[in-house]
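Asks: Turn this into a structure:
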Amino acid sequence: MSTTLNAPAGLTVSTTGLVHIYRAEGHDVAALSGVDLTVGAGEMVGLLGPSGAGKSTLLTLFGGLLRPSAGRIRVGERELSTMSEEELDEFRSADVGLVLQGAARNLLPYLSARQNVEFAQAAAQSRRRELPTAAEVLELVGLYERSNAPLGTLTPGQLQLAAVAVAVATRPGLLLGDEPTSQLDHEARDTVLDALAQINSEMGTTVVVVTHDPEVAARMPRTVTIRDGRVGGEGRAGQEFAVVAADGSLPLPPHAMEAFPPGALVRVHEEGGVWTIHREDGQGQ
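Replies: Predicted coordinates:
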């Protein structure tokens, strides 16, 4: 592998009390209502949760495409919530690669995969960073042999690989994917996931992916579940954990809500280093 693919260290992403409110049908809607989250440099993380939970909004904020209504968001050394529009433009072109849902939204249809990568790189030539060749990028995602083929002759999986190649053409420290494997068959899905893992490993890029697919989530070393606009849980090494929020609240996983419904009185008890939660009426623990 060429040394030009060795990117600077992946970027850390951290949020504190992140809130995003938008208007819908004359009403304010809180898409995010206090997200405290850190994604370490070089991590590969899946964002999970039901539709409308705020996953894609959070991803968009990570990429500097939206401004938060409140709270702080930091990517690498940059505090996005205080940056000017010009600074955000520079950030988006220099540090972030974005794969939107649906390959066609990421590609110019009249160009080949190689030409799409070269087009993406042309806008970054003013940056003081050595870029890989288009051939190196396409080899990394497994599309080298189809580099010059018209996009119309590529399979859906190959088109998604081309979209991923465009997103990493400028060697970003952060790669964001919004459902990058949706509408793909299992073989194509796994090929795209292999490419993302290769980018994470070879380039050191921090990768954050939104997904509804449990099989995609199973491939992620770490998952973060967003519920009702907040971090509702995490998965690591196949184990699920609840996450204590900055205000001390503890969102319960859905299967625990039957034992501890909203409004239930509970006692938190410690004995011998083991903490337990008891229903005051003794019905759950």
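Asks: and residue 261, how far is that from residue 252?
Replies: Note on residue 261: its distance to residue 252, by CB to CB, to the nearest Å, is 10 Å. C-beta: built from backbone N, CA, C; applies to glycine.
Asks: Residue 173 too?
Replies: 35 Å.
Asks: If you count surrounding residues, which of residue 261 and residue 252 has more?
Replies: Taking other CB atoms under 10 Å, residue 261 and residue 252 do not tie; residue 252 has more neighbours (18 against 11).
Asks: quick one: secondary structure of that one?
Replies: coil (DSSP: H, G, I helix; E, B strand; the rest coil).
Asks: residues touching it, list them.
Replies: By CB atoms under 8 Å, 6 or more residues apart in numbering, the contact set of residue 252 is 242, 260.
Asks: same check, this time on residue 46
Replies: Contacts of residue 46 (CB under 8 Å, 6+ apart): 208-211, 216-217, 219-220, 222-224.
Asks: partners of it in the sheet?
Replies: residue 209, residue 223 (DSSP bridges).
Asks: can you list the weak-confidence ranges in the chain?
Replies: 1-9, 124-129, 282-285 (pLDDT under 70).
Asks: Let's have the contacts of residue 46 in a markdown table, adding distance to residue 147.
Replies: Output for those, formatted as a markdown table (distance: CB to CB, whole Å):
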| residue | distance to residue 147 |
| --- | --- |
| 208 | 27 |
| 209 | 25 |
| 210 | 28 |
| 211 | 28 |
| 216 | 26 |
| 217 | 31 |
| 219 | 26 |
| 220 | 29 |
| 222 | 33 |
| 223 | 33 |
| 224 | 35 |
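Asks: ranking those residues by neighbours, who comes first?
Replies: Once you tally neighbours by other CB under 10 Å, residue 209 ends up highest among those, having 28 neighbours.
Asks: Report the central residue of this protein.
Replies: residue 208 (2.5 Å; CA atoms, centre = their mean).
Asks: these two touch, right, that residue and residue 173?
Replies: No - look at residue 208 against residue 173 with CB atoms under 8 Å: they stay out of range, at 11.7 Å.
Asks: rewinding a little: so what's the residue nearest to the centre of the chain up against?
Replies: Applying CB under 8 Å, 6+ apart, the residues near residue 208 are 13, 39, 45-47, 59, 62, 174-177.
Asks: quick one: residue 176 from residue 101, how far?
Replies: Separation of residue 176 from residue 101 (CB to CB) stands at 11 Å.
Asks: more neighbours, these two?
Replies: For residue 176 and residue 101, the more surrounded residue by other CB under 10 Å is residue 176, and the numbers stand at 26 against 16.
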